[in-house]
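Participant: coords please:
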Amino acid sequence: MKKKVIVTIIIGILILSLVVSSLSYAFYKTTGISKEEHLSVVAKKLAVIFTDNSELTGEIYPGYEETKTFSVENKSESLFKYDIIFENLVNTFKTNGFLQYRITSEDGGYNMTDFEDIPKTDTEQNIILAYSVPIEDGKKHNYKLEIRYQNSDTIDQSDDMGRVLSGNLAITEGTRDPKLKQVTLNVENGTPEASTMEVLEGNDAIFEVTPNEKYTTNGATLTCDNDYSTILSGNVKSVTISNITEEITCTLKMRKIPSFIAKLKEDNTNITNRSSFSTIYSIAGLYVENDPRFLEDDGKLQNEVYYFAGDVKNNWVKFGKDSGEDIWWRIIRTNEDGSIRLLYAGIGTAGYNSVSGYIKGLVKYNADKTDKMYVGYMYGTTGSLEENRKNNNSSQIKQTIDNWYNTNLYNKSDNKGNYWSDYVSKTTIYCNDRSTLENTSANQMWWYGAAMRLSPYTSSYGGVSSKEEYHPTFKCGGNADGSGNGLWNNADVADKFTTENTRHIGNEDLTYPVALITADEIVYAGGLLGEDNENIYYYKNSYGASVTRDFWWWTMSPWRFYDKEALTFIVYSERINEGMLGNAGVDYQDVSTGAVRPVLSLKSCVEVTGKGTTDDPYIPSIDDACANADN
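Facilitator: Residues are numbered from 1 along each chain as shown. Got it, this is the predicted structure:
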C-alpha cells in the first residue's frame, strides 16, 4: 500500500446568502492544511514541510484568492518520484472556469503555468494532479498552492450555490501517468542504437540521431509497428514521430552513402545510348557508352562509361577551395577505372563570380608552334613521332595547371583530416592523342587522331568523310569506327597521361593528376566542329551565361600540324561561335583567348551526398582507406 502525506483542504457545508442588488455570494467555510510535518513516504525519508500552518478559513466568494506554501525534501540516498493528488475529492460545482487551482515551483518541482479547474466529482475520488515528479537526493521542491474563485460580470454563477467542495491534498509514491505513451526508436547504422522516451498522448516524440560513417539520413527509412512508414529527405539531425496515441516501436534504417557512380545512376534513371554524333545535341541527360571499341581496357577496367550531354542542370560538384572559396565543377563522365571526371566551373557561388569558370586567361598552350612536337601536353624532341612523344618537357598550359593544383589542392587540408588531393584518382588516363598518319609528302600535313574522327577535312587522309561517320571515343586513339586499326599510328602509351600509380596504368609522366578535356568529350557532351551550341552544360554557368565569358578555352586534343603551325582543338565562348568546337595555333594569344579549365577525376572509392544541382550539389567524402588508395 502506498503511504502518503496529507494536506487537508476540507470544504464544508455551503453557507449561502443572496442579495440581488449586489449580486454577492457567500459560499464555503473551509478548514485548512494539516499541521503534520516531516512525514515519511514509503520509508524513504521524504519530508513534507508545511511552511504556512494556518488553515484555509472564512468564506469563499467570487473574487476569492488564497495561497499556501509547502515543500517536499528528499532525504533518502537516491532519486525519488512522487505524485501530487487530490484525495477523497468531492466537487459538485457546475460552472467551468471559476473554481480553480494552481501549483507552482521554481526549483525543479511540478510547475503549472496556468490555473486549471478543480476536477468535478459527486463522489469521493482520488485525482492525481502530477505524476512521478522526480526529486534528487538532498534536493527540496518548494511549492505554492493557489486556490481562487473568479468573479464574472457577464456570466450567471448562481448555479454554483449550494454546491460542495471537499478533499485532501496528498503526496504519494510516484505512479505512471496513463496518458504517457512509451515510444522506442531503434537505429540501424547510427546512434543511438536504441532509445526510449515517454510522451503525453497526442504529443510528438523527437529523437536526436547521428548516422555512422558512410551512412546518411538522406533516404533513410523509418518504419513503425503501426504500419507507418516514410523515407527521410535531407541530412537531418533529429527524427520526429508525430501525434502519439499508443505505445509504439519504430526502426530507423540509415542509408548507406552510395558510390559516386551508383549515385549518378540513382539520380538519373532514364539512361540511354546515343547512336549518332552528326549534329549538335542539347537534350539533357546521362548517357552510357558500353561499346568496348570506344573504351579503354586493360583487363581490369569498367566495361561502360556514363557521360552527361546537353543542357543538364544536375552535374554540379562542390570540391576544394581556392582562396578560401568553394570550387565548383561539372561532371563530364565516369572513367573506365570507375573514377569521376570533372571540368572546372569556377569558384564562389555555383561557378558565377568575378573569376568565372577558368583559372587563367590569355595562356598559350605552348610558346612555340613551329614544330609538330608542340601539340603535346608534354613533349620530347623534334623529328619522328616517337621522338615527339618522349614527354621530357611540360607544355606552357601544363605548367599553369600544375601551379594552380599545387597552390589550391595538393596537400591542402579539407578540414576533415584529409587533403583535397587525397580525393583525386592517380590511375585516370588523360588523353593527348597524337596518333597520326606519318605523311611523307612535301607539304608535311599531319592530322591527329581526334581530327580524323571528328572532322570531314581529313577524308582524303583516311579520316571520316562526312558528319554521319563522326564517332568520338573514350579510348585514347583509334578510328571513328572504333577498330583501332587506322591509316595512322595508334595512340601510344606515351599519349595516355597519368601520375605514378601502383597499377602502372598510363605513362606516369604527370606531376599531378590533372589535365584538360578532350575534343572527343566535347562531342559526347553535345558539341560539334564548326557548329554553335550554347545550350550545353560546358558552355554555361548557373545563370545560363557563358561560364568563360568571352574567352575561348583549350582542350587537350591535337588538331593538325601543317606549314610550321601546330594547332589544337579549342571551345569557343560567347564572343563568337558559342560552344562550338574549333581549333587554334598552340601559341595563339589575343584578346579573350586561351582560357584554362582544369580537368581532374575523383577516385572510384569517393562517396557523395547531394543531388547535383546548384542548390544541392554533389559533395564528396572519403575515409582513410580511400584517402590512401590510388583510386
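Participant: residues of stretch 123-134 that come out buried?
Facilitator: Neighbour counts using 16 or more other C-beta atoms under 10 Å place 125, 126, 128, 129, 130, 131, 132, 133 of stretch 123-134 among the buried residues. Just so you know, the C-beta spots here come from the backbone N, C-alpha and C atoms, and that holds for glycine as well.
Participant: and those residues, which of them are in strands?
Facilitator: Mapping the buried residues of stretch 123-134 onto strands (DSSP state E) picks out 125, 126, 128, 129, 130, 131, 132, 133.
Participant: what bridges to the first one?
Facilitator: Spelled out, it's residue 125. residue 89 (DSSP bridges).
Participant: Name all residues that make contact with it.
Facilitator: 86, 88, 89, 90, 119 (C-beta atoms under 8 Å, 6 or more residues apart in numbering).
Participant: Return the members of these classed as buried.
Facilitator: 86, 88, 89, 90.
Participant: For the second one, which non-adjacent residue is closest in space?
Facilitator: To tie it back to what came earlier, the one meant is residue 88. residue 124 (4.4 Å; C-beta to C-beta, 6 or more residues apart in numbering).
Participant: State the distance from that neighbour to residue 163.
Facilitator: Counting by C-beta to C-beta, to the nearest Å, the gap from residue 124 to residue 163 is 15 Å.
Participant: Next: residue 403.
Facilitator: 92 Å.
Participant: Settle it for me: which of these two has more neighbours?
Facilitator: Neighbour count, other C-beta atoms under 10 Å: between residue 403 and residue 163, residue 163 has more, with 20 against 13.
Participant: and that one, what element?
Facilitator: Secondary structure from DSSP states H and E places residue 163 outside every helix and strand.
Participant: who's in contact with it?
Facilitator: 14, 91, 92, 93, 94.
Participant: again with residue 264
Facilitator: 286, 306, 331, 334, 340, 612.
Participant: switch the cut-off to 10 Å
Facilitator: Residue 264 makes contact with 258, 271, 286, 306, 308, 314-315, 331, 333-334, 340, 608, 612, 618 under the criterion C-beta atoms under 10 Å, 6 or more residues apart in numbering.
Participant: Next, format those as CSV and append secondary structure and neighbour count.
Facilitator: Formatted as CSV, these follow (DSSP: H, G, I helix; E, B strand; the rest coil; neighbours: other C-beta atoms under 10 Å):
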residue, secondary structure, neighbour count
258, coil, 18
271, coil, 13
286, strand, 24
306, strand, 20
308, strand, 27
314, coil, 21
315, coil, 27
331, strand, 24
333, strand, 26
334, strand, 26
340, strand, 29
608, strand, 24
612, coil, 22
618, strand, 26
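Participant: Can you tell me which one of these sits lowest on pLDDT?
Facilitator: On pLDDT alone, residue 258 ranks lowest of these, at 85.
Participant: Can you give me the distance of it to residue 216?
Facilitator: Taken as C-beta to C-beta, the span from residue 258 to residue 216 is 9 Å.
Participant: Mind listing the shared neighbours of those two?
Facilitator: Shared contacts of residue 258 and residue 216, counting by C-beta under 10 Å, 6+ apart, come down to 607, 609.
Participant: The residue nearest to residue 88 and residue 89 touch, don't they?
Facilitator: Yes. At 6.8 Å, residue 124 and residue 89 qualify as touching, with contact defined as C-beta atoms under 10 Å.
Participant: Now do the shared contacts for the two.
Facilitator: 166, 167.
Participant: how close does residue 617 sit to residue 430?
Facilitator: 24 Å.
Participant: which of the two has more neighbours?
Facilitator: A count of neighbours by other C-beta under 10 Å puts residue 430 above the other of residue 617 and residue 430, at 26 against 22.
Participant: Skip the chain neighbours and tell me the closest residue to that one.
Facilitator: Using C-beta to C-beta, 6+ apart, the closest residue to residue 430 is residue 515 (3.6 Å).
Participant: how about that neighbour, what does it touch?
Facilitator: Residue 515 sits in contact with 377-378, 397-398, 401-402, 405, 428-432, 497-498, 556, 598-601, where contact means C-beta under 10 Å, 6+ apart.
Participant: try residue 251
Facilitator: Here residue 251 is in contact with 184, 185, 186, 187, 188, 194, 221, 222, 223, 224, 225, 229 (C-beta under 10 Å, 6+ apart).
Participant: export the contacts of residue 163 to TSV and tack on pLDDT?
Facilitator: Listed next are the contacts of residue 163 as TSV, based on pLDDT from 0 to 100:
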residue	pLDDT
14	28
91	89
92	89
93	89
94	90
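Participant: Go through these and name the one nearest residue 204.
Facilitator: Proximity of these to residue 204 (C-beta to C-beta) peaks at residue 91, which lies at 32.7 Å.
Participant: which stretch of helix or strand covers the nearest residue in space to residue 512 that is not next to it in sequence?
Facilitator: Residue nearest to residue 512 in three dimensions, not counting chain neighbours: residue 405, with 4.6 Å by C-beta to C-beta, 6+ apart. Assigned by DSSP H and E, residue 405 belongs to helix 396-408.
Participant: by contact count, what packs against that helix?
Facilitator: Packing contacts for helix 396-408, counted by 3 or more C-beta pairs under 10 Å, 6 or more residues apart in numbering; DSSP states H and E, involve strand 316-322, strand 340-347, strand 393-394, strand 514-515, strand 553-562, strand 599-602.
Participant: next one: that helix to chain centre, how far?
Facilitator: 31 Å (C-alpha atoms, centre = their mean, to the nearest Å).
Participant: Next, the buried residues of it.
Facilitator: In helix 396-408, the ones that count as buried by 16+ other C-beta under 10 Å are 396, 397, 398, 400, 401, 402, 404, 405, 408.
Participant: average model confidence for that helix?
Facilitator: 98.
Participant: what element comes up after that helix heading to the C-terminus?
Facilitator: strand 430-431.
Participant: strand partners of the helix or strand following that following strand, parallel vs antiparallel please.
Facilitator: Tracing the chain past strand 430-431, the next element assigned as helix or strand by DSSP H and E is strand 446-447. Using DSSP bridges, strand 446-447 pairs in its sheet with strand 553-562 (antiparallel).
Participant: hang on, the earlier thing: distance check, the residue nearest to residue 512 against residue 473.
Facilitator: 27 Å.
Participant: cool, and residue 501?
Facilitator: 23 Å.
Participant: If you count surrounding residues, which of those two has more?
Facilitator: Looking at residue 501 and residue 473 with other C-beta under 10 Å, you find the greater number of neighbours at residue 473, namely 30 against 17.
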